[in-house]
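Colleague: one predicted model, sequence on top.
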Amino acid sequence: MNSASLTGRISQSNTAGLKVSTTDLPAFAADLVERQSAVLVAFTTPAALAAKKATAAIPIVFTTIGDPVNIGLVPSLSPVAGNVTGVTSLNVQVVSKRLELMHELLPTSKDIGFLVNPSNPTTDNQLRDMQAAADALGLQLHVLRASTVGSMKGCSAQEGAR
């Protein structure tokens with residue numbers, strides 16, 4: 001494929017700034033596959049999972065997914081096997097270290113709020129690790145769940161009532 005046709009196929013499917021809800025991602029990914037996009041780029045875990053489900057042929061590049069192996073996006077962090085590759089921050093594995101650091105900075109604080117997105121596939125692992133760290137440090141973890149701006153506002157009101 002020459003660079004002109006590649007550029008045309010990429011610009012045809014350019015979706016910068018488009019807002020797609022999590023529930024619409026599978027259909028959106030399928031549409032991009034149907035358009036024969038040259039590559040799919042996913043900036044969120046749900047988008048990367050939807051893209052993987054939509055195609056095994058078109059290359060998929062993800063950015064800063066927390067734990068791509070555990071959620072089934074890639075088989076390992078070793079060299080690429082398949083059509084999915086990207087960057088991981090491995091932030092799921094450092095969640096407990098963040099809490100330890102916060103405890104060192106604020107040693108008298110015993111109640112800790114933890115805002116999570118329940119629709120993110122890495123949330124369960126993060127919660128498990130964070131709760132274990134909180135228990136070890138003698139802290140009370142208050143988990144707030146929000147996957148939209150509206151539900152975040154509800155979390156703020158709920159936590160303020162405590």
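Modeller: Good, I have the coordinates. Because the structure is predicted, anything quoted here is derived from the model rather than measured.

Colleague: only the buried residues of stretch 116-134, if you could.
Modeller: For stretch 116-134, the neighbour count (16 or more other C-beta atoms under 10 Å) marks 116-117, 120-123, 125-127, 129-131, 133-134 as buried. Backbone N, C-alpha and C define where each C-beta goes, glycine included.

Colleague: again, but for stretch 77-92
Modeller: 83, 84, 86, 88, 92.

Colleague: and if you look at stretch 46-58?
Modeller: Buried, per 16+ other C-beta under 10 Å, within stretch 46-58: 46, 47, 48, 49, 50, 51, 52, 54, 55, 58.

Colleague: what of stretch 56-67?
Modeller: Neighbour-count burial for stretch 56-67 [16+ other C-beta under 10 Å]: 58, 59, 60, 61, 62, 65, 66, 67.

Colleague: want to throw those into CSV with distance to residue 97, secondary structure and pLDDT?
Modeller: Shown next, in CSV, are the buried residues of stretch 56-67 (distance: C-beta to C-beta, whole Å; DSSP: H, G, I helix; E, B strand; the rest coil; pLDDT from 0 to 100):
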residue, distance to residue 97, secondary structure, pLDDT
58, 36, coil, 94
59, 33, coil, 93
60, 30, strand, 93
61, 28, strand, 92
62, 23, strand, 90
65, 19, strand, 80
66, 14, coil, 77
67, 15, coil, 81
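
Colleague: using JSON lines, lay out those together with distance to residue 75.
Modeller: Below are the buried residues of stretch 56-67 laid out as JSON lines (distance: C-beta to C-beta, whole Å):
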{"residue": "58", "distance to residue 75": "18"}
{"residue": "59", "distance to residue 75": "16"}
{"residue": "60", "distance to residue 75": "14"}
{"residue": "61", "distance to residue 75": "17"}
{"residue": "62", "distance to residue 75": "14"}
{"residue": "65", "distance to residue 75": "14"}
{"residue": "66", "distance to residue 75": "17"}
{"residue": "67", "distance to residue 75": "13"}
